[in-house]
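Trainee: sequence? don't have it. structure:
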């Protein structure tokens, strides 16, 4: 019995010392004592908050936002903003419940300001730019954009950077500040309908009305060309060797693959032209040669 009693006493002393280790003050932040238990609480609460914010924002987007809008970019932006708000409010609540005076955050803010001044300018700039993008929505998830030499579809907008997927299936990470400080071409800012013009030249002997009819037939037979707005043919100019037209078409499917649509239309145009005996010209030059060749002045004797 004494042995069992001693064992229980040893266990009791162990748990007492172990509990004392958790509650022992490690340092003081402002006027608040920070222990290992406080740090453990902050870590666990922060992980739980991040998990909850992610799940709630996705549930909010799926059950509520999709009822009012079908725009993927808008849903993504509102979802991200909602997650940021939950994280901000939640961290303040966690800090308060941990017994840390919020006034001590001014110390951290000062230290953060020094850090920004020395090396965090780019990170801060990209974060603020990300917030501007989410609120103003100059670009959204799903948009076809062009910034600098990068062309592709916006796949994800995060706090620091935006993920753009190119036609070659290459994922390019673009800092958010690029979209604020640089010129950005958004091909689908209003909708996904984009107009393309494809030049076509024919011989001067051809009838423009027949050429227009053939080109419209080719456009209407292509499944990637929209019927509304309808395709059109513009008489561009009297060229040096040809009559030049522009086939203007609208498409949604080939917004990120214009060269594929161009190839399909040109194949079909060439076939139609051959069937209708339409001549496709090529540059021609006239070379005039004068007969006779004289050396020196007339009447002067030449030595050979």
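Mentor: Okay, I see it. Everything quoted here is computed from the prediction, not taken from an experiment. Residues are numbered from 1 along each chain as shown.

Trainee: Quick check: residue 138 touching residue 179?
Mentor: Yes: in this structure, residue 138 is within contact of residue 179 by Cβ atoms under 8 Å, at 6.6 Å. (Glycine included, C-beta is placed from N, CA and C.)

Trainee: Which of those two has more residues huddled nearby?
Mentor: residue 179 (24 against 14; other Cβ atoms under 10 Å).

Trainee: Show me what the host helix or strand of the more buried one is packed up against.
Mentor: Using DSSP states H and E, the element containing residue 179 is helix 177-181. For helix 177-181, the elements it packs on are helix 121-136, judged by 3 or more Cβ pairs under 8 Å, 6 or more residues apart in numbering; DSSP states H and E.

Trainee: The helix it packs on: which residues count as buried?
Mentor: Within helix 121-136, the residues that count as buried by 16 or more other Cβ atoms under 10 Å are 125, 126, 127, 129, 130, 133, 134.

Trainee: Might you report the residue contacts of the fourth one?
Mentor: Residues in contact with residue 129, defined by Cβ atoms under 8 Å, 6 or more residues apart in numbering, are 175, 176, 177, 179, 180.

Trainee: Could you do the fifth one as well?
Mentor: For residue 130, the residues meeting the contact criterion (Cβ under 8 Å, 6+ apart) are 157, 158, 159, 160, 161, 162, 176.

Trainee: related to what we said a few turns ago, what is the nearest of the contacts of residue 129 to residue 42?
Mentor: residue 176 (28.7 Å; Cβ to Cβ).

Trainee: Verify the stated contact: the closest one with residue 161.
Mentor: Yes: proximity of residue 176 to residue 161 meets the contact threshold set by Cβ under 8 Å, at 6.0 Å.

Trainee: Overlap of the contact sets of the two?
Mentor: Residues touching both residue 176 and residue 161 by Cβ under 8 Å, 6+ apart: 126, 130.

Trainee: Compare those two (neighbour count), which wins?
Mentor: residue 176 (24 against 19).

Trainee: Phi first, then psi, for that one.
Mentor: phi -60, psi -30 (degrees, to the nearest 10).

Trainee: repeat for residue 151
Mentor: Per degrees, to the nearest 10, the backbone of residue 151 is at phi -130, psi 130.

Trainee: and it, how far is that from residue 186?
Mentor: Using Cβ to Cβ, to the nearest Å, residue 151 is found at 11 Å from residue 186.

Trainee: Now for these two: what residues contact both?
Mentor: 144, 145.

Trainee: Point out where the stretch 201-304 of the chain drops to low pLDDT.
Mentor: Scanning the stretch 201-304 of the chain for pLDDT under 70 picks out 283-287, 289-304.

Trainee: mind running it again at 80?
Mentor: Where the stretch 201-304 of the chain drops to pLDDT under 80, the residues are 256, 282-304.

Trainee: hey, where'd the helices end up in it?
Mentor: 208-221, 258-275 (DSSP state H, counting those that start in this stretch).

Trainee: which of those helices sits most buried?
Mentor: helix 208-221 (a mean of 17; mean count of other Cβ atoms under 10 Å).

Trainee: what angle do that helix and helix 258-275 make?
Mentor: Interaxial angle of helix 208-221 relative to helix 258-275 (axes from the mean of the first three to the mean of the last three Cα atoms, to 10 degrees): 130 degrees.

Trainee: by contact count, what packs against helix 208-221?
Mentor: strand 194-202, strand 232-238, strand 243-251, helix 258-275.

Trainee: Distance from the chain centre to it, please.
Mentor: 36 Å (Cα atoms, centre = their mean, to the nearest Å).

Trainee: how far off strand 232-238 does it point, in degrees?
Mentor: Using the same axes, to 10 degrees: helix 208-221 against strand 232-238 is 140 degrees.

Trainee: List the contacts of helix 208-221.
Mentor: By Cβ under 8 Å, 6+ apart, helix 208-221 touches 200, 202, 225, 227, 231-233, 235, 243, 245, 247, 249, 265, 268-269, 272-273, 276, 278.

Trainee: right, and the secondary structure at residue 163 would be what?
Mentor: Here residue 163 is recorded as strand under DSSP: H, G, I helix; E, B strand; the rest coil.

Trainee: Could you report the pLDDT at it?
Mentor: Listed pLDDT for residue 163 reads 92.

Trainee: Look up how far residue 45 lies from it.
Mentor: With distances taken as Cβ to Cβ, residue 163 is found 30 Å from residue 45.

Trainee: With residue 166 instead?
Mentor: Residue 166 is 41 Å from residue 45, by Cβ to Cβ.

Trainee: who's more crowded, these two?
Mentor: For residue 166 versus residue 45, neighbours defined as other Cβ under 10 Å are more numerous around residue 45 (17 against 13).

Trainee: okay, the more buried one: pLDDT?
Mentor: 88.
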